[in-house]
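J.: The following comprises the amino acid sequence and a computationally predicted model.
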Amino acid sequence: MATHPILVIGATGTVGGELVKQLVEAGRSVRILARNPAKAARFGRAADVVWGDLARPKTLDPAFAGVERVFILCPPVPELETLEANAFAAAKNARVGHIVNLSNFGAGSFESTIWKWHGASENRLRASGMAWTILRPTRFMSNTPYTWDSIRENGTLIEATGDSKMTLIDPRDIAAVAVRVLTSPGHEGKVYELTASEALSGAEIAQKIAAATGRPVRFVDAPPEIARASLLKSGFPELAADMVLQYFATVREGRWYLTPTAAEILGRPPRSFDQWLRDHAAAFA
Ligand SMILES: NC(=O)c1ccc[n+]([C@@H]2O[C@H](COP(=O)([O-])OP(=O)(O)OC[C@H]3O[C@@H](n4cnc5c(N)ncnc54)[C@H](OP(=O)(O)O)[C@@H]3O)[C@@H](O)[C@H]2O)c1
């Protein structure tokens, strides 16, 4: 067992939180970099929480000291490349042995915002001279649907995706892949595109939500401006709504495909969307 802690950045978020939980369950020593340590209090004594802010490079050294492997993610913000560059530089300074970076399916090949930011950051990591593994998950099940408001209000799932298929993944399975990559050899220099095992149209997603909630749900293939208005009404900031619209465009273009990678790394089928809905039924009630 490794004696050096594994550093997790983003532990107060969706994937990072699940990753810390699974690493602790696997008996690993975990350190968390948090800009607001109070938000990491739920991990109690299971993980060592160190204050640091990716936007302030001088704060990063204590978290990286003595670390052999680090998991790095950033929220989808325009500063992503700078924030991750600060993390890569701190890792290099601390002679970290292996960086696992959470990127995004389509990074560097899809033309707009988030995929450009991730593509630029991936290139920087590849050029860093450090050992790296890049995880490119598809749309999170936790973001499917993007908003429950219209489903609750009038039983409609409003997405501008036509009858094209989407791929999804459970964040628990992204974390499980990250655990394997952080704790076993042979993943250096690899880019892993991660999906579950089935591709679903908007109508099929609506059907599954209806079956899980016991309420009728109808898919509305809305024009992009209507889908955007629905997101804004649910509280999405303009930039986030625009990024979702860009995502819908890539779906209509048929650019998302299934990969066997998560199943191969995990040695089991990834969780299905039905499973996700069952496991989170209480939250949708
Ligand atoms: N959502 C999807 O469908 C999807 C699909 C594919 C890929 N992705 C990628 O997944 C990533 C986001 O993962 P996620 O949803 O698990 O993240 P998340 O839930 O949004 O959490 C972001 C984490 O980053 C931390 N953070 C933000 N700014 C920081 C800073 N300056 N210094 C230190 N920590 C900082 C946050 O801490 P605080 O608690 O302090 O805010 C939080 O722990 C994005 O890069 C996105 O492109 C998402």
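T.: The structure has been received and is ready for your questions. Residues are numbered from 1 along each chain as shown.

J.: Pull up the residues of the protein that are close to the ligand.
T.: Neighbours of the ligand within the chain, by C-beta under 6 Å from any ligand atom: 9-16, 35-36, 39, 53-55, 73-76, 83, 102, 104, 114, 137, 139-140, 143. Quick note: C-beta positions are derived from backbone N, CA and C, even for glycine.

J.: What is the burial count for the residue in the chain that the ligand sits nearest to?
T.: Residue of the chain nearest the ligand, by C-beta to the nearest ligand atom: Gly13 (2.1 Å). Per other C-beta atoms under 10 Å, the neighbour tally for Gly13 reads 16.

J.: Does it touch Pro76 like I think?
T.: No: the criterion here is C-beta atoms under 8 Å, and Gly13 misses it with Pro76 at 11.0 Å.

J.: hang on, the earlier thing: OK, contacts around the residue of the chain closest to the ligand?
T.: Gly13 makes contact with Leu73, Pro75, according to C-beta atoms under 8 Å, 6 or more residues apart in numbering.

J.: circling back to that earlier point, sitting in helices, which of the residues of the chain next to the ligand do you find?
T.: In this view, the residues of the chain next to the ligand that belong to helices under DSSP state H are Thr14, Val15, Gly16, Leu83, Ile114.

J.: residues touching the fourth one, list them.
T.: With contact taken as C-beta under 8 Å, 6+ apart, Leu83 is in contact with Leu54, Ala55, Cys74, Val77.

J.: Surely the first one and Leu73 touch.
T.: This points to Leu54. No: the pair Leu54 / Leu73 is not scored as a contact, 10.0 Å apart, by C-beta under 8 Å.

J.: quick one, strands of the chain?
T.: 6-9, 30-34, 48-51, 69-72, 98-102, 132-137, 139-140, 156-159, 165-169, 190-194, 199-201, 218-221 (DSSP state E).
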